[in-house]
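Q: build me a model from this:
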Amino acid sequence: MLLHALPLDSSMWAEQMHLLPGATHAPTLYSSGETIDAWARAALKPLKGDNIIVVGCSVGGSCALEVATIAPQRVSALVLIGTKARHHPEPTFHASALRLIDEEGLEAAWYSYWAPLFSRTASTATVDRAKEMALRSSAAEIARGVTVFHTRPSRDHRLSTFPGPITIVSGADDVAPGPSASALQAAAAIDGRLHVLPACGHYVPLERAFALNAILADVIRSQEVA
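A: Residues are numbered from 1 along each chain as shown. The predicted structure is shown next:
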């Protein structure tokens, strides 16, 4: 299961869909509801069976933790990319983001909130692809995603109680949450592994697809052996 970042959609995983052909689910979540719980339940609903590897980037990582909270017996491994498990609500920031989207539009919000999360070394083509992806969604959909992100519960306790492997991935240039916070999260897990990718910002699946694919292939192999 591949869970996308805000303000992107399931197509951000185009370079990862081949890793487990015929057994990969990458939903776009904006229409799934107003809460991270609703998103997680919607993502789980089409899947049958157990032994699910849940991979999430940013708010998708928060959704992955929610999936592991709802159905821990079905999840065999977590991969959290640019994810902050602990959440402190920021209602003023939440309200200002919604106001910017409503008054100035998605493109203004893109340049204010999401474009700065790329590494300065990211190619123009990569950033342009992400922007095009973001602007395919409606303002209402992205606003819903912003609300889901800002109202999600803290799930840092899930890191220390989930029995399977948790792989934490961060770009070296990421600031949300970044390598230091990611290292603390990996250390909190029962079976935590940390990967920090150089010359990479927040959107690892787009910025360093080849390196991420190697990490995911290792996780898949470890679960096949298990």
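Q: centre of the chain to the one helix or strand Ala38 maps to, how far?
A: Using DSSP states H and E, Ala38 falls within helix 36-44. Computed by Cα atoms, centre = their mean, to the nearest Å, the chain-centroid distance of helix 36-44 equals 13 Å.
Q: identify all contacting residues around it.
A: Residues outside helix 36-44 that contact it (Cβ atoms under 8 Å, 6 or more residues apart in numbering) are 1, 3, 25, 27, 29, 32-33, 59, 62-63, 66-67, 69-71, 74, 148, 151-153. Any C-beta I mention is one placed from the backbone N, CA and C, and that applies to glycine too.
Q: before we move on, what about stretch 16-29?
A: 1-4, 9-10, 13, 39, 42-43, 46-47, 53, 55, 60, 63, 145, 148, 205, 209, 212-213, 216-217, 220.
Q: over to stretch 137-153?
A: 6-7, 9, 29-31, 33-36, 39, 59, 62, 66, 87, 89-91, 93-94, 97-98, 101-102, 105-106, 109, 134.
Q: quick one: the strands in this structure?
A: Counting by DSSP state E, one finds strands in the chain at the ranges 2-3, 52-57, 75-81, 165-171, 191-197.
Q: okay, the ones you listed in TSV with mean pLDDT, mean neighbour count and distance to Gly178 next?
A: Output for the strands of the chain, formatted as TSV (pLDDT from 0 to 100; neighbours: other Cβ atoms under 10 Å; distance: least, Cβ to Cβ, whole Å):
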stretch	mean pLDDT	mean neighbour count	distance to Gly178
strand 2-3	98	28	20
strand 52-57	98	26	14
strand 75-81	98	25	12
strand 165-171	98	26	6
strand 191-197	98	18	9
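Q: centroid residue for the protein?
A: With distances taken as Cα atoms, centre = their mean, Cys57 lies nearest the centre of the chain, 1.7 Å away.
Q: that one pairs with what?
A: Beta-bridge pairing of Cys57 under DSSP bridges involves Ile81.
Q: you'd agree it is up against Ser10?
A: No - the pair Cys57 / Ser10 is not scored as a contact, 11.2 Å apart, by Cβ atoms under 8 Å.
Q: mind listing the helices for the protein?
A: Ranges of helices within the chain are 36-44, 59-70, 91-104, 106-109, 124-136, 139-151, 156-161, 179-188, 204-207, 209-225, based on DSSP state H.
Q: go through the ones you listed and name the closest to Val79.
A: helix 209-225 (6.0 Å; Cβ to Cβ).
Q: which residues sit against the closest one?
A: 15-16, 19-20, 51, 53, 55, 76-77, 79, 81, 165, 167, 169, 195, 197, 200, 204-205.
Q: go on, stretch 102-117?
A: 6-7, 97, 100-101, 127, 130-131, 134-135, 137, 139, 142-143, 174-176, 201-203.
Q: of the contacts of stretch 16-29, which count as buried by neighbour count?
A: Buried subset of the contacts of stretch 16-29 (neighbour count, 16 or more other Cβ atoms under 10 Å): 1-4, 9-10, 13, 39, 43, 53, 55, 60, 63, 145, 148, 205, 209, 212, 216, 220.
Q: hmm, Ala130 and Leu8 touching each other?
A: Yes - the criterion here is Cβ under 8 Å, and Leu8 meets it with Ala130 at 6.3 Å.
Q: neighbour-wise, which of these two wins?
A: Legend: neighbour count by other Cβ atoms under 10 Å for Leu8 and Ala130, higher for Leu8 (27 against 23).
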